[in-house]
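K.L.:
Predicted model and sequence below, questions to follow.
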Amino acid sequence: MESSDKSNHQLRGGICYPNGARRPVRTPSVIVIGAGMAGIAAARALHEASFQVTVLESRDRIGGRVHTDYSFGFPVDLGASWLHGVSKENPLAPLISRLGLPLYRTSGDNSVLYDHDLESYALFDMDGHQVPQELVTKVGETFECILEETNKVRQEHSEDMSISSAFSIVFERRPELRLEGLAHKVLQWYVCRMEGWFASDADTISLKSWDQAELLPGGHGLMVRGYLPVINTLAKGIDIRLSHRVTNIVRRYTGVKVTVEDGTTFAADAVIVAVPLGVLKAKNIKFEPRLPEWKEAAIDELGVGIENKIILHFDKVFWPNVEFLGVVADTSYHCSYFLNLHKATGHSVLVYMPAGQLARDIEKMSDEAAVEFAFMQLKKILPEACAPIQYLVSRWGTDVNTLGSYSYDAVGMSHDLYERLRVPVDNIFFAGEATSMSYPGSIHGAFSTGQMAAEDCRMRVLERYGELNLLQPVMGEEAGLCVPLLITRL
Ligand SMILES: Cc1cc2nc3c(=O)[nH]c(=O)nc-3n(C[C@H](O)[C@H](O)[C@H](O)COP(=O)(O)OP(=O)(O)OC[C@H]3O[C@@H](n4cnc5c(N)ncnc54)[C@H](O)[C@@H]3O)c2cc1C
């Protein structure tokens, strides 16, 4: 598929036959751009459907926003780490079960804060005093009530507004929900957790659309051995070219030509673009001819937020045996939280997770300064804390391969944008978390869009060449297998 003389053999090959000659067996070809979950899932499906598949990946590793690091001597995830929806309904469940990968469940179905149950927190004020658990629970219930009230606000207003504006309206109507003192700070902490889920601040999240994504049943489970084994399994046997940054995509009726940074050109019948929304927004890949206006508008309008991880490895555990440690404060910006990985993995690791503007501000710091910042938050609540022996810092917002952590519904923008981003343009197909209407911002969303793009691409290419009966339908080999998930709560 690669063309060293920059000509396009594939576009010409296999279409014209001399009179009477037997039609040669033609292998349909596809280029997949991006070796994250979506791209790898698409490549796997088309590889199994007998397509000639080439994956072009800009980084020197596969996985994208799945980034399991082993430098501590055990796996830790700098990107995705939870399976949201620990149940057979999750499209990734069959594969995870088949690999025997253990999950540590951090919440059941009814968590107000999506991935953790109320009883699993230990919250502290800035002076290191622990917030009584009854107050944490009570404020959690108030938060749920406020969210229900915002639903009424939504029904009354045709114009969209931010979640934080809706909160203000609720407080005017129901002053008893406006909390004071420590309770107010705990409420801000809940808002901070919500901002973490969407990777963006409450004043940018759409009231109309914030809850339109589907939450699968089964609660949320941490991948104890990291997510990389899942990616590696899907990637087995696929032709993946690392350090191949795509800069240009030319589409013609007969096929596509894709050019990478060093000028090398690849040609195929179709292309699946599975790069992050942030990369599309930055227009780092040029499309010829230009993408239609509706597609460009979807790329511009859909929100992309930032959440980062500062992973701290200590020589011993000195913190309480809870899943989440939190610092409460007057504003959600000043609140913070640490995930205690010791509960799930047995390793003395805390993960500090800033989101939205705070994450953006911290990305401007050096790694050392960012670690110091996180450690100072910890010191506020646990003055006896000893310094970490190792650390890792993610920079998903400024990393040129991502330019954002994951998509979210921005104020005034329709949830349909996810679908518009997915819809193919001729022989260019789109996949990735930001093309999933049902499960945006998630790893299982990325996986399903990869499979969907693969099936659309297969149909399109085979229809065009009249070879519909030739190849197998796109289907994961694990389809139909039923192995239970390995779930623990230590
Ligand atoms: C901090 C963080 C925590 C998260 N936590 C969770 C979680 O717990 N659970 C969950 O379900 N989801 C989580 N997510 C979201 C999840 O990681 C993503 O939704 C998913 O991994 C996205 O997969 P993707 O294939 O769409 O994109 P990516 O994984 O980003 O893959 C895109 C690939 O394209 C490559 N690329 C970029 N530009 C080019 C180019 N020009 N040419 C070639 N290749 C290019 C990139 O290097 C990358 O490998 C988290 C994300 C982050 C950042």
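P.N.:
Now that the structure is in, tell me what you want to look at.

K.L.:
what does the stretch 1-150 of the chain have sitting close to the ligand?
P.N.:
The stretch 1-150 of the chain comes close to the ligand at residues 33-39, 56-59, 64-66, 79-82, 84, as judged by Cβ under 6 Å from any ligand atom. (Glycine included, C-beta is placed from N, CA and C.)

K.L.:
how about a cut-off of 8 Å?
P.N.:
Listed as neighbours of the ligand in the stretch 1-150 of the chain under the rule Cβ under 8 Å from any ligand atom: 33-41, 56-59, 61-66, 77-84, 115.

K.L.:
any chance you could map the helices in this structure?
P.N.:
9-12, 37-48, 93-98, 133-156, 163-173, 181-198, 228-235, 277-281, 293-301, 341-345, 356-363, 367-381, 417-422, 443-465 (DSSP state H).

K.L.:
Include mean pLDDT when you put those into TSV, please.
P.N.:
What follows is those, written out as TSV (pLDDT from 0 to 100):
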stretch	mean pLDDT
helix 9-12	35
helix 37-48	98
helix 93-98	96
helix 133-156	93
helix 163-173	97
helix 181-198	95
helix 228-235	98
helix 277-281	98
helix 293-301	97
helix 341-345	94
helix 356-363	98
helix 367-381	96
helix 417-422	97
helix 443-465	94
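
K.L.:
of all these, which lies closest to Val322?
P.N.:
Closest to Val322 of those is helix 341-345 (Cβ to Cβ; 7.5 Å).

K.L.:
Need the contact partners of the closest one.
P.N.:
By Cβ atoms under 8 Å, 6 or more residues apart in numbering, the surrounding residues in contact with helix 341-345 are 74, 76, 104, 106, 222, 224, 317, 319, 321-323, 347-351, 490.

K.L.:
If any of those residues are buried, put those into a ChimeraX selection.
P.N.:
Selection of the buried residues among the contacts of helix 341-345 in ChimeraX, burial being defined by 16 or more other Cβ atoms under 10 Å:
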select :76,104,106,222,224,319,322,323,348,349,350,351
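
K.L.:
Which ones among the contacts of helix 341-345 lie within strands?
P.N.:
Among these, the members falling in strands (DSSP state E) are 76, 104, 106, 222, 349-351.

K.L.:
Which of the residues you listed scores worst on pLDDT?
P.N.:
Least confident of the ones in strands among the contacts of helix 341-345 in the model: Thr106, at 85.

K.L.:
quick revisit: could I get the helices of the chain in JSON lines, plus columns for distance to Asp399 and mean neighbour count?
P.N.:
Formatted as JSON lines, these follow (distance: least, Cβ to Cβ, whole Å; neighbours: other Cβ atoms under 10 Å):
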{"stretch": "helix 9-12", "distance to Asp399": "32", "mean neighbour count": "16"}
{"stretch": "helix 37-48", "distance to Asp399": "16", "mean neighbour count": "29"}
{"stretch": "helix 93-98", "distance to Asp399": "26", "mean neighbour count": "20"}
{"stretch": "helix 133-156", "distance to Asp399": "32", "mean neighbour count": "16"}
{"stretch": "helix 163-173", "distance to Asp399": "27", "mean neighbour count": "18"}
{"stretch": "helix 181-198", "distance to Asp399": "19", "mean neighbour count": "22"}
{"stretch": "helix 228-235", "distance to Asp399": "17", "mean neighbour count": "20"}
{"stretch": "helix 277-281", "distance to Asp399": "9", "mean neighbour count": "23"}
{"stretch": "helix 293-301", "distance to Asp399": "18", "mean neighbour count": "16"}
{"stretch": "helix 341-345", "distance to Asp399": "23", "mean neighbour count": "21"}
{"stretch": "helix 356-363", "distance to Asp399": "9", "mean neighbour count": "20"}
{"stretch": "helix 367-381", "distance to Asp399": "13", "mean neighbour count": "18"}
{"stretch": "helix 417-422", "distance to Asp399": "20", "mean neighbour count": "21"}
{"stretch": "helix 443-465", "distance to Asp399": "17", "mean neighbour count": "23"}
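
K.L.:
Export those helices as JSON lines, with columns for distance to His334.
P.N.:
JSON lines is the format used below for the helices of the chain (distance: least, Cβ to Cβ, whole Å):
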{"stretch": "helix 9-12", "distance to His334": "56"}
{"stretch": "helix 37-48", "distance to His334": "34"}
{"stretch": "helix 93-98", "distance to His334": "37"}
{"stretch": "helix 133-156", "distance to His334": "17"}
{"stretch": "helix 163-173", "distance to His334": "15"}
{"stretch": "helix 181-198", "distance to His334": "8"}
{"stretch": "helix 228-235", "distance to His334": "34"}
{"stretch": "helix 277-281", "distance to His334": "26"}
{"stretch": "helix 293-301", "distance to His334": "30"}
{"stretch": "helix 341-345", "distance to His334": "24"}
{"stretch": "helix 356-363", "distance to His334": "8"}
{"stretch": "helix 367-381", "distance to His334": "9"}
{"stretch": "helix 417-422", "distance to His334": "32"}
{"stretch": "helix 443-465", "distance to His334": "30"}
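
K.L.:
Can you say which of those helices is nearest to Thr247?
P.N.:
helix 277-281 (11.2 Å).

K.L.:
helices or strands up against the closest one?
P.N.:
helix 293-301, strand 303-305 (3 or more Cβ pairs under 8 Å, 6 or more residues apart in numbering; DSSP states H and E).

K.L.:
Contact residues of the stretch 151-300 of the chain facing the ligand?
P.N.:
Along the stretch 151-300 of the chain, the residues adjacent to the ligand under the rule Cβ under 8 Å from any ligand atom are 199, 220, 222, 227, 244-247, 260, 274-276, 279, 284-285.

K.L.:
Now tell me which of these the prediction trusts least.
P.N.:
Within the set of these, pLDDT is lowest for His220 (89).

K.L.:
ok so, going back, which stretch among the helices and strands packed on helix 277-281 approaches Gln451 most closely?
P.N.:
Nearest to Gln451, of all the helices and strands packed on helix 277-281, is helix 293-301, at 20.8 Å by Cβ to Cβ.

K.L.:
which helices and strands sit right next to that closest one?
P.N.:
Helix 293-301 packs on helix 277-281, helix 417-422, going by 3+ Cβ pairs under 8 Å, 6+ apart.
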